[in-house]
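Chemist: predicted model and sequence below, questions to follow.
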Amino acid sequence: MNPIEIVQQEYPFPAKPIALTDVEKQEYKQRIKSLLKEKNAVLVAHYYTDPEIQALAEETGGCVADSLEMARFGNQHDADTLIVAGVKFMGETAKILTPQKTVLMPTLEATCSLDLGCPVDAFSAFCDQHPDHTVVVYANTSAAVKARADWVVTSSIALDVIDHIDAEGKKIIWGPDRHLGGYINKQTGADMLLWNGECIVHDEFSAKALKDLKNVYPNAAILVHPESPASVVDLADAVGSTSQLISAATTMDNDTFIVATDRGIFYKMQQANPGKTFIEAPTAGNGATCKSCAHCPWMAMNGLKAIEEALMDATGHEVFVDEALAEQAMKPLTKMLNFAADAKVKVKGNA
């Protein structure tokens, strides 16, 4: 593994949405429900959005899932319009897989540090320097970066794909998450060059603070998303994608879990396991910074007010992907989907 030089990047965080009263929340929910019916629209929400958004998606016949499953649900649903509560690359993926439908987002300003940290021009230049490498990118990337790749993968299928490429004797460029790439490299031993990217949420988890918390809850199992630093992953009782962590919380015998991923996932974990206790892995103290405090600031932009605004007027909310770019990006996505079908691997779970 030869990662490029690691330089910690800083990203401007968006302003937090204005808090609504309980009365206002109910009013917005009722109006959104009416608008979804009026527009023949369906709401799909990511696991990392706020619980009230996930609940609203479920209540209205939508879904709560990872980004690829969100897009596939929208593709198969008979709605004319998809409203994607997540971050921009998720809306782009939905549009690529469902070009005939209108795809809206509560705000097009909701982005991702993995996307921001992997601009297509710089990434393409890096790939051009290593033309003998197969380019594999995580789903948490822009449509343009996907279009530059040979493969697109989710975190749950990445190990299988990298194993497959490695077995063919090929060298690999991995982007953009260096932690996930490092984890995969350690598991597979593949010849990989890693792009220098990170999820600001997972990057903040602290091994020292996590050990201290484990001492307080010695019987708790530690669940870790592999976008976390290796020192945190090494402490895990289970490592996996969003869907895999939810499954682990359900199947493991422990009644208490310390969870190192975005706290938005607690909604589905608690829904599936009402008798179990879930605790956020530390992002403050002992070297951690709590800049994100275990919740993506861009995911938090998906508020009820913004959803209503998108349904009322699509201007400034509709996702467009250039047709030629979408066609090119579809190739590595299709390759992954075909690989998953052939291997009978259920593709679930990205950031």
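Modeler: The structure has been received and is ready for your questions. Numbering: from 1, shown residues only.
Chemist: distance from stretch 240-252 to the middle of the chain?
Modeler: Stretch 240-252 has its C-alpha centroid displaced from the chain centroid by 15 Å (CA atoms, centre = their mean, to the nearest Å).
Chemist: list the buried residues in it.
Modeler: 240-249 (16 or more other CB atoms under 10 Å). Using the backbone N, CA and C atoms, a C-beta is placed for each residue, glycine as well.
Chemist: so which pair among those residues is furthest apart in space?
Modeler: S241 and A249 (12.9 Å; CB to CB).
Chemist: restricted to strands, list the buried residues of stretch 240-252.
Modeler: Within the buried residues of stretch 240-252, no residue falls in strands by DSSP state E.
Chemist: in JSON lines, list those along with distance to A143 and pLDDT.
Modeler: Listed next are these as JSON lines, based on distance: CB to CB, whole Å; pLDDT from 0 to 100:
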{"residue": "G240", "distance to A143": "26", "pLDDT": "95"}
{"residue": "S241", "distance to A143": "21", "pLDDT": "93"}
{"residue": "T242", "distance to A143": "21", "pLDDT": "94"}
{"residue": "S243", "distance to A143": "23", "pLDDT": "92"}
{"residue": "Q244", "distance to A143": "26", "pLDDT": "93"}
{"residue": "L245", "distance to A143": "27", "pLDDT": "96"}
{"residue": "I246", "distance to A143": "27", "pLDDT": "96"}
{"residue": "S247", "distance to A143": "29", "pLDDT": "96"}
{"residue": "A248", "distance to A143": "31", "pLDDT": "97"}
{"residue": "A249", "distance to A143": "33", "pLDDT": "98"}
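Chemist: find the least confident helix or strand in the chain, judged by mean pLDDT.
Modeler: Lowest by mean pLDDT, DSSP states H and E among the helices and strands of the chain is strand 288-289, with a mean of 56.
Chemist: now the element after it, going C-ward?
Modeler: helix 304-312 (DSSP states H and E).
Chemist: tell me the buried residues in that following helix?
Modeler: Going by neighbour count (16+ other CB under 10 Å), the buried part of helix 304-312 is 304, 306-311.
Chemist: ok, stretch 223-240 next?
Modeler: Using 16+ other CB under 10 Å as the test for burial, stretch 223-240 gives 223-229, 232-233, 235-236, 238-240.
Chemist: CSV for the buried residues of helix 304-312, including distance to V319 and pLDDT?
Modeler: Listed next are the buried residues of helix 304-312 as CSV, based on distance: CB to CB, whole Å; pLDDT from 0 to 100:
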residue, distance to V319, pLDDT
L304, 20, 96
A306, 14, 96
I307, 14, 97
E308, 18, 98
E309, 15, 97
A310, 10, 98
L311, 14, 98
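Chemist: could you measure from the closest residue to G182 other than its chain neighbours over to I184?
Modeler: The shortest distance from G182 to any non-neighbouring residue, by CB to CB, 6 or more residues apart in numbering, is to A230 (5.9 Å). Distance of A230 to I184, given as CB to CB, to the nearest Å: 11 Å.
Chemist: circling back: which among the buried residues of stretch 223-240 gets closest to Q328?
Modeler: Proximity of those to Q328 (CB to CB) peaks at E227, which lies at 26.0 Å.
Chemist: can you count the residues close to the nearest residue to V232 once chain neighbours are set aside?
Modeler: Ranked by CB to CB, 6+ apart and with sequence neighbours excluded, the top spatial neighbour of V232 is F205, at 4.7 Å. Neighbour count for F205, taken as other CB atoms under 10 Å: 27.
Chemist: helix, strand or coil for F205?
Modeler: Secondary structure state of F205, per DSSP: H, G, I helix; E, B strand; the rest coil, is coil.
Chemist: picking that back up, dump the buried residues of helix 304-312 into a markdown table; add distance to D163 as well.
Modeler: Shown next, in a markdown table, are the buried residues of helix 304-312 (distance: CB to CB, whole Å):
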| residue | distance to D163 |
| --- | --- |
| L304 | 43 |
| A306 | 41 |
| I307 | 40 |
| E308 | 45 |
| E309 | 45 |
| A310 | 40 |
| L311 | 43 |
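Chemist: do you know the pLDDT at Q8?
Modeler: Per-residue confidence (pLDDT) for Q8: 50.
Chemist: same check, this time on P12
Modeler: We have a pLDDT of 77 for P12.
Chemist: L108 versus that one, what's the distance?
Modeler: As judged by CB to CB, P12 and L108 stand 16 Å apart.
Chemist: so which of the two has more stuff around it?
Modeler: Neighbour count, other CB under 10 Å: between P12 and L108, L108 has more, with 17 against 6.
Chemist: surely that one meets T315?
Modeler: No. Look at L108 against T315 with CB atoms under 8 Å: they stay out of range, at 11.0 Å.
Chemist: where along this protein do the strands fall?
Modeler: Assigned by DSSP E, the chain shows strands spanning 41-46, 63-65, 81-85, 102-104, 133-138, 151-153, 171-175, 192-194, 221-224, 238-239, 256-260, 277-280, 284-285, 288-289.
Chemist: which stretch among those comes nearest K331?
Modeler: K331 lies closest to strand 151-153 among the strands of the chain, at 9.1 Å (CB to CB).
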